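Peer 1: fold the following for me, if possible:
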Amino acid sequence: MPPADRFAAARPASEGSPVEPPPVDLAVMIGSLRLPNPILVASGTFGYAREMAGYVDLARLGGIVPKTITPLPRKGNVPWRTVETSAGLLNSIGLDNDGIDAFLQAQLPFLLGCGAPVIVSIAGANQREFVQLADRLEGVPGIAGLELNISCPNVSHGVDLGTDPELCRSVVAGVRGVTRLPVIAKLTPNVTDIASIARGARDGGADALTLINTCQGMAVDWRRRRPMLGNGIGGLSGPAIKPIALRCVYQVRKAVDLPIIGVGGIMTIDDCMEFFVTGATAVQIGTANFAEPIASMRLLEALPKALAEIGATCMADLIGTLRPPAGAAVPAPPPPPGSPPHAA
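Peer 2: Numbers count the residues shown, from 1 in each chain. Model prediction:
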């Protein structure tokens, strides 16, 4: 099977003559940040955009989240770093990057010339490093926002800050104190109660949330009796985690009133629409970029028709419109003021 189709679901062929959908407004707001459309590319799956320029019309993207940067260069984890699974990808890259100095000099100028909003992903080993990075990026012309990677499972202490509500609040608050840029906290699903972590991010001053980072997983070579990843355990992405990501968006949407960027296993336009209906304001395309470099363009082109199918003229007509399960009891409306109480 060709690599571009490895994870793709079967898509029915269109019937009859194509019908041009009516104009729709694809713009969305992530806090104070206006994005031209809700199709973004996820950190760690798109390089620094330069690598994808020959495949994707970068200026059409709703936003680019480049590879996460750290204060100092990191070599990352030992090989193997990736293992393909039956429904996605395990990775243990370990935040391999050249550090913020090299990013500012060698990568950011190209990114800012792409024509799409650039949301810089940052990660630190502690609150001080997150604040240091945010302070360094404050005032750099052209940056649209910051995504705080407090949820990477592949580095020492990578998820610690994102698994405790108070630590999460503290990191976000520290960053909020040194920047006027929109702050987006990227949360891990590897917790018991993701809603409590979301509330911590909100209380720290986050403008939005990205849900979710990868789920911890493992691959084993039973003949050699060894893990296949050099780090043993890695992060699972791709179609296998979409139900988990949707569940997290659903729970967090009910818990906090913040825009959500949904990510996790998005391969088709139906996947996108499921995230929007569940409560995501925008989505990030991740593992699909490896299987099909033009996936973001395909989804963006399909979005107006999908909106028109339900009579929507803008994204607000769709976002967060999920109904209760069929047959679920609908709570009775409260009695009007002054009405007599019901008998017990």
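
Peer 1: buried sites along stretch 134-142?
Peer 2: For stretch 134-142, the buried set under the neighbour-count rule, 16 or more other Cβ atoms under 10 Å, comprises 134, 136, 137. C-betas here are computed from N, CA, C, even on glycine.

Peer 1: and after the strand or helix carrying residue 248, which helix or strand comes next?
Peer 2: Taking DSSP states H and E as the definition, one finds residue 248 inside helix 242-255. Later in the chain than helix 242-255, the nearest helix or strand by DSSP H and E is strand 260-263.

Peer 1: quick one: strands adjacent to that following strand?
Peer 2: Partner strands for strand 260-263, per DSSP bridges, with pairing direction: strand 208-211 (parallel), strand 282-285 (parallel).

Peer 1: average pLDDT for the helix or strand just after that strand?
Peer 2: Beyond strand 260-263 on the C-terminal side, the first helix or strand identified by DSSP H and E is helix 269-278. Throughout helix 269-278, pLDDT has a mean value of 98.

Peer 1: who are the packing partners of helix 269-278?
Peer 2: helix 242-255, strand 260-263, strand 282-285, helix 295-309 (3 or more Cβ pairs under 8 Å, 6 or more residues apart in numbering; DSSP states H and E).

Peer 1: please identify which of the ones you listed is closest to residue 67.
Peer 2: Across these, the minimum distance to residue 67, taken as Cβ to Cβ, is reached by strand 282-285, at 13.2 Å.

Peer 1: so what touches the closest one?
Peer 2: The list of residues contacting strand 282-285 from outside it, by Cβ atoms under 8 Å, 6 or more residues apart in numbering, reads 28, 30, 35, 38-43, 45, 62-63, 65, 210, 259, 261-263, 266, 272, 275-276, 295-296, 299.

Peer 1: if I look at the closest residue to residue 244 other than its chain neighbours, how far off is residue 172?
Peer 2: The shortest distance from residue 244 to any non-neighbouring residue, by Cβ to Cβ, 6 or more residues apart in numbering, is to residue 189 (5.4 Å). Residue 189 sits at a distance of 18 Å from residue 172 (criterion: Cβ to Cβ, to the nearest Å).

Peer 1: re the thing from before, ok now the helix holding residue 248, how far from the chain's centre?
Peer 2: When distances are taken as Cα atoms, centre = their mean, to the nearest Å, helix 242-255 is centred 12 Å away from the chain's centroid.

Peer 1: for stretch 97-109, same thing?
Peer 2: Taking Cα atoms, centre = their mean, the mean C-alpha location of stretch 97-109 is offset from the chain mean by 22 Å.

Peer 1: next one: stretch 68-87
Peer 2: 18 Å.

Peer 1: picking up where we left off before, what about residue 189 and residue 172, which has more around it?
Peer 2: The residue with more neighbours, out of residue 189 and residue 172, is residue 172; 26 against 23, by other Cβ atoms under 10 Å.

Peer 1: in the sheet, which residues pair with the spatially most central residue of the chain? Tell me.
Peer 2: For the chain, the residue nearest the mean C-alpha position is residue 263 (3.8 Å; Cα atoms, centre = their mean). Legend: beta-bridge partners of residue 263 under DSSP bridges are residue 284.

Peer 1: pretty sure it sits against residue 210.
Peer 2: Yes: with contacts counted by Cβ atoms under 8 Å, residue 263 reaches residue 210, the gap being 6.2 Å.

Peer 1: sketch out the low-pLDDT regions of this protein for me.
Peer 2: Within the chain, the stretches with pLDDT under 70 are 1-22, 153-159, 329-344.

Peer 1: neighbours of the closest residue to residue 269 other than its chain neighbours, just the number please.
Peer 2: On the basis of Cβ to Cβ, 6+ apart, the spatially nearest residue to residue 269 that is not a chain neighbour turns out to be residue 302, at 4.0 Å. The local packing of residue 302 (other Cβ under 10 Å) involves 17 other residues.

Peer 1: out of the buried residues of stretch 134-142, which comes closest to residue 246?
Peer 2: Distances from residue 246 to the buried residues of stretch 134-142, taken by Cβ to Cβ, are shortest for residue 134, at 30.0 Å.

Peer 1: check contacts around the closest one.
Peer 2: Residues in contact with residue 134, defined by Cβ under 8 Å, 6+ apart, are 122, 146, 174, 175, 178, 179, 181, 183.

Peer 1: packing partners for the helix holding residue 248?
Peer 2: Using 3+ Cβ pairs under 8 Å, 6+ apart as the contact criterion, the neighbours of helix 242-255 among helices and strands are helix 194-204, strand 208-211, strand 260-263, helix 269-278.

Peer 1: now go through the contacts of residue 134 and say which are in strands.
Peer 2: Mapping these onto strands (DSSP state E) picks out 122, 146, 183.

Peer 1: can you say which of the residues you listed are buried?
Peer 2: Of the ones in strands among the contacts of residue 134, these count as buried by 16+ other Cβ under 10 Å: 122, 146, 183.

Peer 1: can you put those in CSV and add distance to residue 49?
Peer 2: Shown next, in CSV, are those (distance: Cβ to Cβ, whole Å):
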residue, distance to residue 49
122, 17
146, 17
183, 22
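
Peer 1: which of the residues in stretch 265-279 are buried?
Peer 2: For stretch 265-279, burial by neighbour count (16+ other Cβ under 10 Å) applies to 265-269, 271-279.
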